[in-house]
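**Student:** I'd like to go over a predicted model; first the sequence, then the structure.
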Amino acid sequence: MRKKLAVIAAVLGIFSIGFNEVSAKDMEITPGYYDVDFAKYDFIDTSLNTIQFPQGSASFEPFFKKLDTLVFENRGKVRILHIGGSHLQADVISGRIREHLIKEYPGASAGRGFVFPYSAARTNTPASYASSYKGIWDKNKNVQREITKQLGLLGIAVSTSDPRAEITLLLDKYNSEPIWGETSFRLFGFSDSNNVEPVLRIDSMDVYGTLDTASQSYVFTSPRPIDTIQIAFRWSDTTKQAEVAAFIIDSLFKDSVARADSLARVADSMRLDSLGLLPSSNSAEQAAADSMFQGDCEDVLDTNCLNRDEELYGAMKDSSAIDTVPPRPRFTLTGILAENNAPGITYTNVGINGAKVSHYFEETCPLFEKEMSYYKPDLVIFAIGINDANVEVFNDKLFREDYDMLIKRIRKVSPKTAFIFETNNDSYRKVRKRKYVQHPNGEVARKSFFMLADKHKAGVWDKFSIMGGLGSMAKWEKADLAKKDKVHFKTAGYQLLGDMFYKALMQAYFEHIANLPAEVPVAEPTPVIQSPELKLPTPQAATPQTAPVAARSNPAQTQTVKSAPSQATTVPIAKKAQTVTISTKKSTTTAPQMPKVVSAAHADVPMPKVLKQTAQPSQPKIQVPLKPEAQEKK
């Protein structure tokens, strides 16, 4: 069993937190090792860092078996969807988990998943990649009161009728080494009159896709793996596109000259220049250059500033020059799915600042299910709830009903999807300037998450309790892990939470591995069989997908049959069965394994304490009453 866990550790790069027993040899096979000293974070309860299953983990078997196929046989794709609000749009906690699952084991990536040019919507791009744009775009998000565009899985859309429009996504922008190499892309979007077509720009060449009218998407295949997605938009009337582009450029130039002259006169009279309020001459160029965020907000997690910047942009974006341009074709984009043909894990984060559970309903996101049908997640991690509970009076019954509706939508597309509920973080409510009070709704929402997990046979990662419970956010802020708004975390805090979630998820998977049969059982075993012509029997249930069973059950002890006319070969079988000694003339047969498995499987690798604990069937559980009313009566 130690070797079996060593194999999994080598593949997925499991890390240990706060254990001094981990040796240097352990760290050699655990590239994702993160040593966190929790002595200075004594308010964090690491003993609760587990995935709890109120109704057992049977519903996770399809997800775990897909992981088995990937880990032991290097086949298949495992898709994970993490959905929430501003925590997920920033993609720091989810990016950390993705880093553990993908970046730490090179070659285990099946693609980046869904991405979007958030900069074109004047909002923060996820921290794991960058986006930029050209032209003028307008947006719609599922949190807005007035929604005029059809939204999909991501809950956001941008539209343009600008002939100069382009978008660029730099997937490896913030990676020290490139990890993404995408070959297939599905761009979800549509033209009002089918007179605009997106093209993929590779090496200054236009790669045209195939229109899939059923899904309102365009499918592209790259001639080589790429980590930069550049999309341009071609009008069917190319002559008109060139003419309108020239007209806009000329008009904007004249308009900018007039505006600059007017602004200079105001500056002379009011001396705004001495106050530093005048924008620089190249401010517009800088705004579209990079893109963790295109605006005046220095902090990507400052949602109040983001909202102010969006309102300012909405008031300024429509210039008189653009209004004079005649009607022209329009294209709406709702998301891009980037993948490759390699086996591995795809991890998609979905989040909109301020989103609640109901913001992903059919009324706001009618294309949600259609777009998800091309992703079909094996695991969905729910992190929606902090905005639902950020009210004075929290209707927990309605909150659970909203989740029931969202889960129903997901199960229409992927019936066997496993679910994990992430309880809300502790937070404070602002009552007046610089005055915050503890928000008891975090505990109420926590109970609702456990009730939902019990109903839907899901797992729960109790972030609220792990943090330290009610009032713990102030301690996280004091430890420089949380922001002053006492709702959001700083980068270090998000990364710490991502580390802990990954550890809890892998511990649940290791428990699944620990319960697998150690060896392949042999029916009606006999002590010793001597026959020079006897061949090793093949299980009747073996198929190309399940064979070799022995290797999948125990990769550290690969079944081997050597040709030796005068010698016998010993085949290990189940613990209760006896050893069967046979002789055969067949050549050696080994199971396909992932690259780093082979060397680790034959080494006696001492395992970290955290891995040893995974063999224990029990886990600490929180007693959460499923009926709060009954507790009140007591």
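**Tutor:** Thanks, I have the structure now. This structure is a prediction, so every number in the text was calculated from the model and none was measured.
**Student:** Kindly check the end-to-end length of stretch 380-392 for me.
**Tutor:** From its first residue to its last, stretch 380-392 covers 29 Å (C-alpha to C-alpha, to the nearest Å).
**Student:** Show me which positions of it end up buried.
**Tutor:** Val380, Ile381, Phe382, Ala383, Ile384, Gly385, Ile386, Asn387, Asp388, Ala389, Asn390 (16 or more other C-beta atoms under 10 Å). Bear in mind the C-beta positions are built from the backbone N, C-alpha and C, glycine included.
**Student:** So what touches it?
**Tutor:** 80-85, 87-88, 351, 354-357, 360, 394, 399, 402-403, 406, 410, 417-425, 427, 429, 439, 441-442, 444-445, 449, 487 (C-beta atoms under 8 Å, 6 or more residues apart in numbering).
**Student:** what about Tyr375, how many neighbours?
**Tutor:** 21 (other C-beta atoms under 10 Å).
**Student:** mind checking pLDDT for it?
**Tutor:** Residue-level confidence at Tyr375 comes out at 96, pLDDT.
**Student:** what do you get for Arg434?
**Tutor:** Value listed for Arg434 in the pLDDT field: 73.
**Student:** Strands - which of the contacts of stretch 380-392 land there?
**Tutor:** When DSSP state E is applied, the contacts of stretch 380-392 are split such that Ile80, Leu81, His82, Ile83, Gly84, Gly351, Ala418, Phe419, Ile420, Phe421, Glu422, Arg429 fall in strands.
**Student:** wait, isn't the first one in contact with Thr346?
**Tutor:** Yes: assessed by C-beta atoms under 8 Å, Ile80 is found in contact with Thr346 at 7.1 Å.
**Student:** Go through the buried residues of stretch 380-392 and say which is closest to Thr364.
**Tutor:** For the buried residues of stretch 380-392, the closest approach to Thr364 (C-beta to C-beta) belongs to Ile384, at 13.2 Å.
**Student:** Could you tell me how many residues sit around the closest residue in space to Gln55 that isn't next to it in sequence?
**Tutor:** Spatially, and ignoring its direct neighbours in sequence, Gln55 is nearest to Lys457 (4.5 Å; C-beta to C-beta, 6 or more residues apart in numbering). By the criterion of other C-beta under 10 Å, Lys457 has 16 neighbours.
**Student:** rewinding a little: and the buried residues of stretch 380-392 as a markdown table, adding secondary structure, pLDDT and distance to Gly209?
**Tutor:** Formatted as a markdown table, the buried residues of stretch 380-392 follow (DSSP: H, G, I helix; E, B strand; the rest coil; pLDDT from 0 to 100; distance: C-beta to C-beta, whole Å):
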| residue | secondary structure | pLDDT | distance to Gly209 |
| --- | --- | --- | --- |
| Val380 | strand | 98 | 28 |
| Ile381 | strand | 98 | 31 |
| Phe382 | strand | 98 | 33 |
| Ala383 | strand | 97 | 33 |
| Ile384 | coil | 96 | 32 |
| Gly385 | coil | 95 | 37 |
| Ile386 | coil | 94 | 38 |
| Asn387 | coil | 94 | 36 |
| Asp388 | coil | 94 | 38 |
| Ala389 | coil | 93 | 42 |
| Asn390 | coil | 90 | 41 |
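**Student:** three-state assignment of Glu99?
**Tutor:** Assigned by DSSP: H, G, I helix; E, B strand; the rest coil, the conformation of Glu99 is helix.
**Student:** Count the neighbours of it for me.
**Tutor:** Glu99, neighbours per other C-beta under 10 Å, totals 20.
**Student:** shaky segments in the stretch 501-634 of the chain?
**Tutor:** 519-634 (pLDDT under 70).
**Student:** repeat for the chain
**Tutor:** 1-35, 104-107, 251-326, 519-634.
**Student:** what's across from Ser109 in the sheet?
**Tutor:** Ile345 (DSSP bridges).
**Student:** Might one say that it is in contact with Asn340?
**Tutor:** Yes: contact status for Ser109 versus Asn340: in contact at 7.4 Å, counting by C-beta under 8 Å.
**Student:** And those two? Which one has more around it.
**Tutor:** For Ser109 versus Asn340, neighbours defined as other C-beta under 10 Å are more numerous around Ser109 (25 against 20).
**Student:** His82 versus that one, what's the distance?
**Tutor:** For Ser109, the distance to His82 equals 16 Å [C-beta to C-beta, to the nearest Å].
**Student:** Next one: Ile156 from Gly498, what distance?
**Tutor:** Taking C-beta to C-beta, one finds Ile156 at 23 Å from Gly498.
**Student:** So the two - more neighbours on which side?
**Tutor:** Set Ile156 next to Gly498 and count neighbours by other C-beta under 10 Å: Ile156 wins out with 29 against 20.
**Student:** To what extent is Lys430 buried, counted in neighbours?
**Tutor:** 14.
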